[in-house]
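> Show me how the following folds:
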Amino acid sequence: MVFSSNIFLFFFLPAALALYYLAPRRARNGVLLAVSLFFYGWGEPVFLALMVFTIAANYGWGLVIAARRERDLPSRWALACAVVTDLGLLGVFKYAGFFARTLRTLPFLRALPVPEIVLPIGISFYIFQSMSYVIDLYRGRAAVQKSFVRFGAYVSMFPQLIAGPIVRYRDVAEQLEQRRETLAGFSSGVAVFILGLAKKLLLANQMGAMWEALQAGQGALGAWAGMLAYSLQIYFDFSGYSDMAIGLGRMLGFEFLKNFDYPYISRSVTEFWRRWHISLSSWFREYVYIPLGGNRRGLGRQLLNILIVWALTGLWHGASWNFVLWGLYYALLLIAEKLFLLRLGERLPALLRHAFLLLAVGLGWMLFYFEDLGALAAFLGRLVSGSGTDAHTQNLLLAYLPVTMAACLAATPLGAKLYKKARGPAAEAAGFAGLLCLLLLCMGALATQSYNPFIYFRF
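Down below sits the predicted model:
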């Protein structure tokens, strides 16, 4: 069940909100847990037991860690058991086939069977959330959650269950216990949800259709336009989902941290990754990069830590070599910035730095998209071919030009800045009318579009 679907918008969401607000305040976490498990089970009934097991295992290990700490007993082994359980589940369901195929390339292991395991939706996200709880509990940065219902509601919360943002337990621990739902918060949540829905249906889906059409075209211009289209698609697809998740959270009284901050206005790769998928970047920084030593053990160790973190980041995104190479690609760019690129960039005009960033990110998205490295090489060849553009590609570019221009503009903070400057009743009325128009356009898009995937659902 995706947010940008009729069944979610007109059946599940109204029913879930009605049950939630009709329930007594003390029972609302239980309602949230129940509707979240129903939400997950609707699309993945086979893996609902896996979700419940993950909740129970981390809840149980959390109690063990807390009990041993109260008695001044070592609890590192309990943390290790929790992390091994979580990573073991992720390893089996996400990477078993990948590692088996890799091992089969060795001459003496060619007969090794390759398991065909279906990837549970959202497992990368809810496993990382569960790990953040037990690690923070062990570090003393979070208090133990003794209520199974509250902990279950945290792990399975349907707004961010499938594709994030990754919500650390300590960021919502207090909200799980004593949040206060308000009309202002609910209204703000509806507005953010509509903006996210518009990003998905009106921009991401259009850019995705353009990208698919241009892949079959010819010439360098079509290839460059296709790279732009996919870069815009993945941004509006994922940031749109994150906005919808944040909006839904506010409707339920939760405040999730921002996950995207206009990453395409960045002037360096370092800045880009402070603005893109902020919850994942901060998760790896806090639970991998800093424990490895961060930048505290000299430049050489810092560069090695960057390489390790980004190899793991690439692997987190998918069990395929192109994702590993994508992670290493960014590791090399970030290392180069640490060594000399940032200092060199300071001498260049801001426009050139921004152009370099967009080129580097666009090429990275091609590595991210093409699992077949031969197909990637062929596409990159088109970028530098210098060959002409066929009439079909020209017509496509002209047809998609208005929405492409709108998407490029929407990827900047210009609209948000203008809205903040325009204050008063007239601005509020215009904002309300604009949201209503966007909602109507989204409803029309839902009735006519057949292309409606979420890219990050496969991670």
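
> can we go C-alpha only for contacts and neighbour counts from here?
OK.

> Could you list the low-confidence segments of the protein?
Filtered on pLDDT under 70, the chain yields the residue ranges 450-454, 456-459.

> How is it divided into domains?
6-179, 185-448 (automatic domain parsing).

> Throw those domains into JSON lines and include mean neighbour count and distance to I455, thanks.
Below are the domains of the chain laid out as JSON lines (neighbours: other Cα atoms under 10 Å; distance: least, Cα to Cα, whole Å):
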{"stretch": "domain 6-179", "mean neighbour count": "18", "distance to I455": "9"}
{"stretch": "domain 185-448", "mean neighbour count": "18", "distance to I455": "7"}
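
> State the phi and psi torsions of the closest residue to Y40 other than its chain neighbours.
Once flanking residues are discounted, Y40 sits nearest to L48: 6.9 Å by Cα to Cα, 6 or more residues apart in numbering. Main-chain torsions, L48, degrees, to the nearest 10: phi -60, psi -40.

> How about F260?
Given degrees, to the nearest 10, the pair of backbone angles that F260 has is phi -140, psi 140.

> Surely it touches L280?
No - assessed by Cα atoms under 8 Å, F260 is found out of contact with L280, at 10.7 Å.

> which residues sit in contact with L367?
By Cα atoms under 8 Å, 6 or more residues apart in numbering, the contact set of L367 is N322, F323, L325, W326, L376.

> From F370, how far out is I127?
26 Å (Cα to Cα, to the nearest Å).

> try A433
To F370, A433 is 41 Å away according to Cα to Cα.

> Then P263?
P263 is 22 Å from F370, by Cα to Cα.

> What of L292?
31 Å.

> same check, this time on A430
Distance from A430 to F370, by Cα to Cα: 42 Å.

> One more: G152?
Counting by Cα to Cα, the gap from G152 to F370 is 36 Å.

> Could you do L201 as well?
With Cα to Cα as the criterion, L201 and F370 are 24 Å apart.

> A143 and V134 touch, don't they?
No - with contact defined as Cα under 8 Å, A143 does not count as touching V134 (10.0 Å).

> Work out for me the element L357 sits within.
Element membership for L357 (DSSP states H and E) is helix 350-369.

> Run through the strands of the stretch 351-459 of the chain in chain order.
Read by DSSP state E, counting those that start in this stretch, the stretch 351-459 of the chain holds no strands at all.

> what about the helices in it?
Counting by DSSP state H, counting those that start in this stretch, the stretch 351-459 of the chain has helices at residues 373-383, 391-410, 414-421, 425-448.

> Redo these as CSV? Include distance to A67.
CSV is the format used below for these (distance: least, Cα to Cα, whole Å):
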stretch, distance to A67
helix 373-383, 51
helix 391-410, 50
helix 414-421, 48
helix 425-448, 50
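
> nearest to W42, of the ones you listed?
helix 425-448 (20.1 Å; Cα to Cα).

> What strand or helix carries the closest residue to L373 other than its chain neighbours?
Spatial nearest neighbour of L373, chain neighbours left out: N322 (7.2 Å); criterion: Cα to Cα, 6+ apart. If you go by DSSP H and E, N322 is part of helix 321-336.

> Kindly list the longest helix within this protein.
Counting by DSSP state H, the longest helix found in the chain is helix 220-251.

> tell me how far the following helix or strand past that one is from the chain's mean position?
Later in the chain than helix 220-251, the nearest helix or strand by DSSP H and E is helix 269-275. In terms of Cα atoms, centre = their mean, to the nearest Å, the centre of helix 269-275 is set 15 Å apart from its chain centre.

> I would like the residues contacting helix 269-275, please.
259-264, 266, 281, 330, 333-334, 337, 357, 361.

> tell me the two of the residues you listed that are most distant?
The distance between the two most remote of the contacts of helix 269-275 (Cα to Cα) is 23.4 Å, for N259 and E337.

> I'd say S268 and R343 touch.
No - using Cα under 8 Å as the test, S268 is too far from R343 to be in contact (11.0 Å).

> other SSEs contacting the helix or strand where A311 lies?
Assigning secondary structure by DSSP H and E places A311 in helix 299-317. For helix 299-317, the contact count by 3 or more Cα pairs under 8 Å, 6 or more residues apart in numbering; DSSP states H and E identifies helix 321-336 as packing neighbours.

> What angle do helix 373-383 and the helix it packs on make with each other?
60 degrees (axes from the mean of the first three to the mean of the last three Cα atoms, to 10 degrees).

> what residues does the helix or strand harbouring S36 touch?
For S36, the element it lies in under DSSP H and E is helix 28-43. Here helix 28-43 makes contact (Cα under 8 Å, 6+ apart) with 1, 16, 19-21, 23, 47-48, 149-150, 152-153, 156-158, 176.

> Same question for stretch 380-392.
G217, Q218, G219, A220, L221, G222, A223, W224.

> mind checking the end-to-end distance for that stretch?
OK, stretch 380-392 end separation, Cα to Cα: 20 Å.

> Now find how far off-centre that stretch is within its chain.
With Cα atoms, centre = their mean, you get 32 Å for stretch 380-392.

> cool, and stretch 198-206?
With Cα atoms, centre = their mean, you get 16 Å for stretch 198-206.

> Going forward, count from 469.
I'll keep to 469 as the first residue from here, and by that count the last item is stretch 666-674.

> okay, it in CSV with CA atoms only?
The C-alpha trace of stretch 666-674 is given here as CSV (Å, rounded to 0.1, in the frame of the first residue of the first chain):
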residue,chain,number,x,y,z
ALA,A,666,2.4,16.7,-5.3
LYS,A,667,6.1,16.1,-5.5
LYS,A,668,5.4,12.4,-6.1
LEU,A,669,2.5,12.5,-8.5
LEU,A,670,3.0,15.8,-10.4
LEU,A,671,6.8,15.8,-10.6
ALA,A,672,8.5,12.5,-9.8
ASN,A,673,6.2,10.4,-11.9
GLN,A,674,6.4,12.8,-14.8
